[in-house]
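S.K.: take a look and give me a structure for this.
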Amino acid sequence: MCVLAIFDAEGTWGQTHVCDHLLEHNLQALGVRWGRQYIEAGVQPDIDVLAPLHRLWGTSSVERVRWGAGEGTRPQTPPDALAVHWVLSGTLLVYLQASDGYVGVLCEAGEWISIPAGLACALDAGGTSDVDLLLFLAAVKAPPARQELSTSSLPSHEAFVETMLEMTGYANDE
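M.R.: Alright, predicted model coming up:
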């Protein structure tokens, strides 16, 4: 289940959406696309899966990235490229700059998010587990430079998940 939360400029949690339609609508306003494409756990995606996705997103390269609590590296996304993060396992919190604040999107395994060149963003894989993802990149002609987004006023991956679970009634009282 993907979750989208809207934050004001000070980082105060606002509206929360779990409905695909509302999620897509809010992301579309930022030029961001989101979707699902499941792969059976443990299966390495092959050319039959990747080729249609390259065509869909207009990407030219793909890299597998493992990142989080264990060994791994943070995905490096060039500021002048469209970047598609396709989560294979774990969860990835993506913060995006909006005109009047921020949008936080929690993506789970099987979900992807396409971030256009120039849109300020920050990625958080959390500190307690790993995320395994495919990073698709497409160079963009004369793009605006993407800036790193400061998330100091926004909840961490763990705090985001905890708040989301409390808001949706799934919090564990243990």
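
S.K.: CA atoms only: put stretch 157-174 into PDB for me.
M.R.: What follows is stretch 157-174, C-alpha atoms only, in PDB (Å, rounded to 0.1, in the frame of the first residue of the first chain):
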ATOM      1  CA  HIS A 157      11.300   6.900   7.500                       C
ATOM      2  CA  GLU A 158      10.600   5.300  10.900                       C
ATOM      3  CA  ALA A 159       8.600   8.200  12.200                       C
ATOM      4  CA  PHE A 160       6.600   8.400   8.900                       C
ATOM      5  CA  VAL A 161       5.700   4.800   9.100                       C
ATOM      6  CA  GLU A 162       4.800   5.000  12.800                       C
ATOM      7  CA  THR A 163       2.500   8.100  12.200                       C
ATOM      8  CA  MET A 164       0.900   6.500   9.100                       C
ATOM      9  CA  LEU A 165       0.100   3.300  11.100                       C
ATOM     10  CA  GLU A 166      -1.400   5.300  13.900                       C
ATOM     11  CA  MET A 167      -3.500   7.400  11.500                       C
ATOM     12  CA  THR A 168      -4.800   4.400   9.700                       C
ATOM     13  CA  GLY A 169      -5.500   2.300  12.800                       C
ATOM     14  CA  TYR A 170      -2.900  -0.300  12.200                       C
ATOM     15  CA  ALA A 171      -0.600   0.700  15.000                       C
ATOM     16  CA  ASN A 172       0.700  -2.200  17.100                       C
ATOM     17  CA  ASP A 173       0.200  -1.600  20.800                       C
ATOM     18  CA  GLU A 174       3.100  -3.900  21.800                       C
END
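
S.K.: so for it, what's the average pLDDT?
M.R.: Across stretch 157-174, pLDDT averages out at 80.

S.K.: that stretch: which residues count as buried?
M.R.: For stretch 157-174, a neighbour-count test (16 or more other C-beta atoms under 10 Å) marks 157, 160-161, 163-164 as buried. All C-beta spots, glycine's among them, are computed from the backbone N, C-alpha and C.

S.K.: what of stretch 82-89?
M.R.: Applying 16+ other C-beta under 10 Å to stretch 82-89 flags 82-89 as buried.

S.K.: now the residues you listed in a markdown table, with secondary structure?
M.R.: Below are those laid out as a markdown table (DSSP: H, G, I helix; E, B strand; the rest coil):
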| residue | secondary structure |
| --- | --- |
| L82 | strand |
| A83 | strand |
| V84 | strand |
| H85 | strand |
| W86 | strand |
| V87 | strand |
| L88 | strand |
| S89 | strand |
